[in-house]
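In: here is a sequence together with a model predicted from it:
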Amino acid sequence: MEYLDLGPYTRATGTVRLPGSKSISNRVLLLAALAEGVTTIDNLLDSDDTRVMLAALEQLGVALRHDAAQLRCTVTGVGSVFPVKRAELFLGNAGTAVRPLTAALAVMGGEYRLHGVPRMHERPIGDLVDGLRQLGARIDYEANPGFPPLLVHPASIRANAPIRVRGDVSSQFLTALLITLPLVETAGGEAVVEVEGELISKPYIEITIRLMERFGVHVQRDGWRRFIVPAAGRARYRSPGRIVVEGDASSASYFLAAGALAHGPVRVEGVGRASIQGDVRFADALARMGANVMIGDDWIEVRGVESDDGKLQPLDMDFNLIPDAAMTIAVAALFASGMTTLRNIGSWRVKETDRIAAMATELRKLGAHVEEGAHYLRVAPPAALTPNAVINTYDDHRMAMCFSLVSLGNVPVRIHDPGCVGKTFPDYFDRFAAIARP
């Protein structure tokens with residue numbers, strides 16, 4: 001198995017210009033494809049997940065000019081209807097591609113098959129399919145009910161009653177419905193989505209709404225329970241001309257944590273207080289642990305910790321709003337002075353891997369005492385990190401990036417399958433090596 005040995009390091013210092021946000025990149029690509037007009041997208045993330053979205057859109061007849069070297073893509077929108085009515089789409093393990101594309105294709109009047117890697121076929125999509133069936137969509141499960149692969153058939157689509165969707169499994173189900181409803185006919189000119197249960201990852205829905213507004217469609221919401229979307233005839237997507245993708249706030253978390261664990265200063269550029277991404281709140285969590293954090297409109301900088309012993313303070317926090325960045329806190333907890341508790345992270349169970357189980361297993365290799373529950377993780381740091389731990393990454397990009405931080409504790413660590421970071425951050429380990437110091 002391919003592996004990468006890191007460390008031992010004791011310092012981290014430098015500046016990192018972040019790659020584009022995965023969440024924003026794939027949303028913008030789909031919105032640009034559905035819009036009228038030509039959209040130029042700058043700082044588009046070049047990664048496995050965006051490549052599968054680009055390939056799918058091309059298969060569906062969308063004209064693209066993609067310059068990966070310049071991180072730019074020019075999309076000629078189709079004006080609501082994909083020209084290609086029969087396609088088989090391989091979407092890897094990209095939740096940000098399969099969920100919104102499933103919804104969009106359900107209203108296109110064509111025959112489509114959506115599938116991916118084996119783990120994709122273990123990630124739930126049933127709640128989204130149930131929501132789409134309320135519109136009249138015809139979607140079949142090829143194998144296990146509730147999971148891809150999916151077969152989408154032509155159907156008569158109309159939104160004449162509120163659509164109900166669960167909010168406690170993945171916010172991507174709601175995102176998919178919101179993006180698709182402006183393409184759907186309704187009796188009164190607007191469609192309503194009602195969320196059942198607690199809506200997780202609310203900041204990602206805010207991203208969706210903000211980006212839809214950039215493309216000319218304004219969503220009203222009544223708290224986080226009810227969303228009103230102007231439907232076909234009253235709204236249509238129009239290109240904003242040019243849009244710049246923010247840096248990835250989830251990816252920023254690794255470098256910000258490095259600045260706290262290994263003295264810093266480490267600065268990330270591309271996100272800050274003006275960001276539309278919820279994961280910038282990771283900086284607040286890090287500050288609560290005692291890190292010295294400074295923030296500007298489009299940058300964040302961390303300069304070590306403020307405690308006399310150089311250790312982070314333990315944290316007990318609800319991470320419902322920032323589940324991806326919370327993974328970095330779980331590893332940072334190895335460097336704290338007591339037990340850290342991460343609450344409301346049940347969505348980890350249905351990500352690229354079962355992240356609660358995977359995180360617990362790998363943290364124990366480093367000497368930590370870990371307690372895991374259905375929706376929480378408790379991490380008690382060891383007296384000393386176990387050197388030369390061999391970390392399995394479960395084909396999960398965030399596991400690989402998180403555990404690179406262990407090397408900043410002056411111990412060597414081996415990361416198996418480092419190439420899995422290609423999902424969102426292909427040159428992550430080069431960037432990490434540029435700031436890490438013996």
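Out: Yep, that arrived.
In: count of neighbours near residue 223?
Out: 8 (other Cβ atoms under 10 Å). From N, CA and C alone the C-beta is placed, and that goes for glycine too.
In: pLDDT wise, what is residue 1 at?
Out: pLDDT recorded at residue 1 is 63.
In: kindly report the same for residue 309.
Out: pLDDT recorded at residue 309 is 87.
In: is it true that it lies in a strand?
Out: No: using DSSP: H, G, I helix; E, B strand; the rest coil, the secondary structure at residue 309 is coil, not a strand.
In: buried residues, stretch 28-43. List them.
Out: Residues of stretch 28-43 classed as buried by neighbour count (16 or more other Cβ atoms under 10 Å): 28-37, 39-41, 43.
In: please flag which of these sit within strands.
Out: Mapping those onto strands (DSSP state E) picks out 39, 40, 41.
In: isn't the second one up against residue 242?
Out: The reference is to residue 40. Yes: contact criterion Cβ atoms under 8 Å: residue 40 and residue 242 qualify, at 4.6 Å.
In: returning to what we had before: now the two most distant members of the buried residues of stretch 28-43.
Out: Farthest pair in these (Cβ to Cβ) is 36 and 43. Separation: 23.3 Å.
In: how is the chain carved up into domains?
Out: Domain ranges of the chain: 3-19+248-437, 22-229, per the TED database.
In: pick out whichever of the ones in strands among the buried residues of stretch 28-43 sits closest to residue 82.
Out: residue 39 (16.0 Å).
In: I'd say the closest one and residue 241 touch.
Out: Yes: here residue 39 reaches residue 241: they are 6.9 Å apart, a contact under Cβ under 8 Å.
In: please, which helix or strand holds residue 286?
Out: helix 282-288 (DSSP states H and E).
In: show me what that helix is packed up against.
Out: The contact analysis (3 or more Cβ pairs under 8 Å, 6 or more residues apart in numbering; DSSP states H and E) places helix 282-288 against helix 249-261, strand 291-295, strand 299-305, helix 323-332.
In: chain center to that helix, what's the gap?
Out: Chain-centre distance of helix 282-288: 19 Å, with Cα atoms, centre = their mean, to the nearest Å.
In: convert that helix to PDB, retaining C-alpha atoms only.
Out: This file holds the C-alpha atoms of helix 282-288, laid out as PDB (Å, rounded to 0.1, in the frame of the first residue of the first chain):
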ATOM      1  CA  PHE A 282     -13.500  26.600  13.100                       C
ATOM      2  CA  ALA A 283     -11.300  29.600  14.000                       C
ATOM      3  CA  ASP A 284     -13.800  30.400  16.900                       C
ATOM      4  CA  ALA A 285     -13.500  26.800  18.200                       C
ATOM      5  CA  LEU A 286      -9.700  27.000  18.000                       C
ATOM      6  CA  ALA A 287      -9.800  30.300  19.900                       C
ATOM      7  CA  ARG A 288     -11.900  28.700  22.600                       C
END
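In: buried ones in that helix?
Out: Within helix 282-288, the residues scored as buried using 16+ other Cβ under 10 Å are 282, 283, 285, 286, 287.
In: quick one, helices of this structure?
Out: Using DSSP state H, the helices of the chain run over 22-34, 48-59, 95-106, 126-133, 171-180, 202-214, 249-261, 282-288, 323-332, 355-365, 397-404, 428-435.
In: and those helices, which is most packed in?
Out: Comparing the helices of the chain by mean neighbour count (mean count of other Cβ atoms under 10 Å), helix 249-261 comes out on top with a mean of 29.
In: what angle do that helix and helix 428-435 make?
Out: Here the directions of helix 249-261 and helix 428-435 differ by 30 degrees (axes from the mean of the first three to the mean of the last three Cα atoms, to 10 degrees).
In: now do helix 249-261: distance to the chain's middle.
Out: 16 Å.
In: residue with max distance from the center of the chain?
Out: Relative to the centre of the chain, the most outlying C-alpha is that of residue 308, 35.5 Å out, by Cα atoms, centre = their mean.
In: measure it to residue 297 for me?
Out: Noted for residue 308: a distance of 33 Å to residue 297, by Cβ to Cβ, to the nearest Å.
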